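**Q** Test case, fold it:
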Amino acid sequence: STRCRRAQPLYVGTSLDDFPAARCAPAVDLKLSGKLPQWLAGAVVRNGPGRFTTAKQNCSHLFDGMALLSRFEVDGATNSVKWASRYLQSKAYEYQVENNDLLYNEFGTAAGVGLAGRAVSLMRGVLAGGTTDNACVSVVPTSDGRAVCLSEPTRASYRIDPVSLETLGAHSYKGSDLPGLLHTAHPIPYGDGFVNVATALFPVPKYTVYKSDGNFQHPRRICDLAPSQAFPDVSWHHSFAVGGRYAIVIETPCVYNVAALVGVADAAHIAFDWRADAPTMLRVVDLESGEEVASRKLHEPCFFFHAANAFVDGTTLHVDVGYYDDASMLNGLALDRMRAAPATDGATPSRLTRLSIDLAGDGDVRTTKLDGPAAGDFCEFPVVDPRLAGRRHRFVYAVGLKRPGNVGNLLTRTDCDTGETIANGFGAVVVGEALVVPRPGVPDDYVVMVVVHDAAGDAHLVVASPALEELARATLPEGGVPYGFHSCWIPEG
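**A** Sure thing, here's the model as predicted:
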């Protein structure tokens, strides 16, 4: 059949198209080329934005699309992949479907057109709970066989069935020690539960490191940290890191602009301001004693979205991050910027960088660039073999960029011991986050899975070797699936 073309060039394939709810389907077999490893059996469950437009108002930022879940059921024994998709049934999504409008202010889009429209929308959103509940960022398996979808507002937390993708309801944290208004969408497994960082903007600004159980419930406060910036500045935390027994909160000069957050003013970087003269601070909390054991200064400007991992070597604590010199990449994720013609400076440069401090001393943070030229001066979504979480690792997988380009289009592997980076674009114009899936019982053996989009408008799940050699690819039906943020692996059984 003839593929429908749009007037807009497919610079980013169909990765930023709306995904019609009518296209959501139960598991369908995908066309597969190549050979899956015999041992590979389980499912990739993926979260990300699926719908950006309404009749009354369009979303302007990548973080604003309504949460769309995908499940790729992978079976190496039969060399097959099945795919299913379903929208998360949040209040934000249900209102958008019923009213063709935005209910809440989203990350980069204030609900309502004009000042009067914004005022009405703000009041409507407050009456419906305040912050958005569009949990479009991550999906975390829980110990009861379910999963939780998350975004940064605490109420943007929903339980799902990771098999059927059915929304089971808003997630209840239970217990009396609740995390507050905001937390990162990247809780990290620790012991028999998870560790996360919450942020309070008022009445007393603070960051709280807390631990929850394996079902992401009954949070228990470990340590409160007062912001190091001058009042009322509070840093934005998209993620943090855990190395050994330590949680590392990286406090950058990217601070909340509360007026922009509620949609009544503009800020330099979406809902945030950049304090160029302020340092970045590494705040280290001992998860066993509950004490802040170090607060160290990084004098160079630093911004990051994601940490790959952290570990302790002797008395030195290392954290590997995708390091930017400022927060301009927040603006680079505006949809019009991402959809524009590829440019040499289309994506803010970033590098895989190791931040190091001596826990036994009092020196400042040291930085070491780890990646090589093949990454294209771009590093995002850095990850490691999950079996090495919190321990020393050698390889980091990340999204790189062959310029010109506005969106990551390479998958990279950096050898942190040698500094060598290799890359593979898999013939794509958009490459998503890598998911490292370990081979059970075999150390150092794993596959790397990633969703990519090509210029013809197709989307594929690619399965690659540790050296990024393509082993197999499953091609989705026409129209594919939009850009995703984060995913998890659920082993068979």
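**Q** next structured bit after the least confident helix or strand in the chain by mean pLDDT?
**A** Lowest by mean pLDDT, DSSP states H and E among the helices and strands of the chain is helix 114-127, with a mean of 66. Counting by DSSP states H and E, the element after helix 114-127 in chain order, helix or strand, is strand 138-141.
**Q** Could you please name the strands that next one pairs with and the direction of each pair?
**A** Here strand 138-141 has these sheet partners by DSSP bridges: strand 147-150 (antiparallel).
**Q** Can you name every helix or strand that the following helix or strand past the strand it pairs with contacts?
**A** The C-terminal neighbour of strand 147-150 among helices and strands, as given by DSSP H and E, is strand 157-160. Strand 157-160 is packed against strand 147-150, strand 167-170, with contacts defined by 3 or more Cβ pairs under 8 Å, 6 or more residues apart in numbering; DSSP states H and E. Backbone N, C-alpha and C define where each C-beta goes, glycine included.
**Q** And the helices in this structure?
**A** With DSSP state H as the criterion, the chain has helices at 91-99, 114-127, 258-261, 329-332, 335-339.
**Q** buried stuff in the last one?
**A** Within helix 335-339, the residues scored as buried using 16 or more other Cβ atoms under 10 Å are Leu335, Arg337, Met338, Arg339.
**Q** Need the pLDDT of the first one.
**A** pLDDT, the model's per-residue confidence, is 94 for Leu335.
**Q** My guess is it contacts Cys59. True?
**A** Yes. Leu335 sits in contact with Cys59 when judged by Cβ atoms under 8 Å, with a separation of 7.0 Å.
**Q** hey, what's in contact with both of the two?
**A** Common contacts of Leu335 and Cys59, defined by Cβ atoms under 8 Å, 6 or more residues apart in numbering, comprise Phe52.
**Q** thinking again about what came up before, buried deepest among the helices and strands packed on strand 157-160, which one?
**A** Mean neighbour count (mean count of other Cβ atoms under 10 Å) peaks for strand 147-150 among the helices and strands packed on strand 157-160, with a mean of 25.
**Q** As PDB, could you dump the C-alpha coordinates of that strand?
**A** Coordinates of each C-alpha in strand 147-150 appear next as PDB, following Å, rounded to 0.1, in the frame of the first residue of the first chain:
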ATOM      1  CA  ALA A 147       4.600  -1.600  38.000                       C
ATOM      2  CA  VAL A 148       4.400   2.100  38.800                       C
ATOM      3  CA  CYS A 149       4.500   4.800  36.200                       C
ATOM      4  CA  LEU A 150       6.000   8.100  37.400                       C
END
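**Q** how far is it from where the chain is centred?
**A** 12 Å (Cα atoms, centre = their mean, to the nearest Å).
**Q** before we move on, back to that, can you tell me which of the helices and strands packed on strand 157-160 is nearest to Ala472?
**A** Taking Cβ to Cβ, strand 147-150 is the member of the helices and strands packed on strand 157-160 nearest to Ala472, at 25.0 Å.
**Q** Show residues contacting that closest one.
**A** 45, 47, 67, 69, 88, 135-142, 156-162, 171, 185, 187, 216, 488, 490.
**Q** mind redoing it with 7 Å?
**A** With contact meaning Cβ atoms under 7 Å, 6 or more residues apart in numbering, strand 147-150 is reached by 45, 47, 67, 88, 135, 137-142, 156-160, 162, 171, 185, 216.
**Q** hmm, back to that, which one of the helices and strands packed on strand 157-160 lies nearest to Asp233?
**A** strand 147-150 (25.0 Å).
**Q** any idea of the mean pLDDT in the closest one?
**A** On average, strand 147-150 scores 98.
**Q** remind me which residues of the protein are low pLDDT?
**A** For the chain, the stretches flagged by pLDDT under 70 are 1-9, 114-123, 125-130, 176, 179.
**Q** Identify the residues contacting Glu469.
**A** Neighbouring residues of Glu469 by Cβ under 7 Å, 6+ apart: there are none.
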